[in-house]
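Trainee: 3D model of this:
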Amino acid sequence: MADPDLMNKLFDYYSSSKGYLAGLQEKEQDYFRHYAEIVGQNVPSSGIVVDLGCGTGLSTRLLRKRNARTFGADISFLFLAATGDRNNFACDAQNLPLRDGSVDLVGAFEFIEHVVDAEKVMGEMLRITKPGGRILIMSPNLYSPLIPLKSLGRYIRGERNFSPWTPTFFSVFTLFFRNLWT
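Mentor: Modelled structure (predicted):
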């Protein structure tokens, strides 16, 4: 069972983090190029694609160039408002508002590491995917010691928009050493 307190903290963070939104808006098309290519190779041209955790929707727009029936989904109204795209929708990935077996491909780029209950999210992805459909997840290696070092850099620069995963300066070091020894 996932920690409801952490789930609420994550929801609050992604719903209000203008700093995280700014980081998403800095990403350019090339950042998503490989993801878009792999999705394009794994879905029929008439297939339905859901880009789960689409953020500001840049990845969704790239996927839509290849497949018109692509929809973005994210938990953050703040991020979705930045997309200006009415084909994207807000939802919690633990309870997707889609029918069973209705999607040809569920794509998730740098998303699964942001959820508390990955098993439940994966179950939802499986539920909405058609028989013979695909699920594509591309994610960073969270056991890398580089992840907490990036957080340390934000602390040193004085950024005060902390991740729920590293809410304190001390937690950055704890994560660094855990990842180093894992």
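
Trainee: For this structure, give me the ranges with low pLDDT.
Mentor: 1, 160-165, 182 (pLDDT under 70).

Trainee: where along it do the strands fall?
Mentor: Using DSSP state E, the strands of the chain run over 49-52, 70-74, 89-90, 103-109, 129-138.

Trainee: Put together a markdown table for the ones you listed, with mean neighbour count and distance to Glu159 on each row.
Mentor: Just so you know, the C-beta spots here come from the backbone N, C-alpha and C atoms, and that holds for glycine as well. Below are the strands of the chain laid out as a markdown table (neighbours: other Cβ atoms under 10 Å; distance: least, Cβ to Cβ, whole Å):
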| stretch | mean neighbour count | distance to Glu159 |
| --- | --- | --- |
| strand 49-52 | 29 | 27 |
| strand 70-74 | 24 | 22 |
| strand 89-90 | 16 | 26 |
| strand 103-109 | 25 | 24 |
| strand 129-138 | 15 | 26 |
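
Trainee: can you redo the ones you listed as JSON lines with distance to Pro148?
Mentor: Below are the strands of the chain laid out as JSON lines (distance: least, Cβ to Cβ, whole Å):
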{"stretch": "strand 49-52", "distance to Pro148": "25"}
{"stretch": "strand 70-74", "distance to Pro148": "25"}
{"stretch": "strand 89-90", "distance to Pro148": "30"}
{"stretch": "strand 103-109", "distance to Pro148": "22"}
{"stretch": "strand 129-138", "distance to Pro148": "21"}
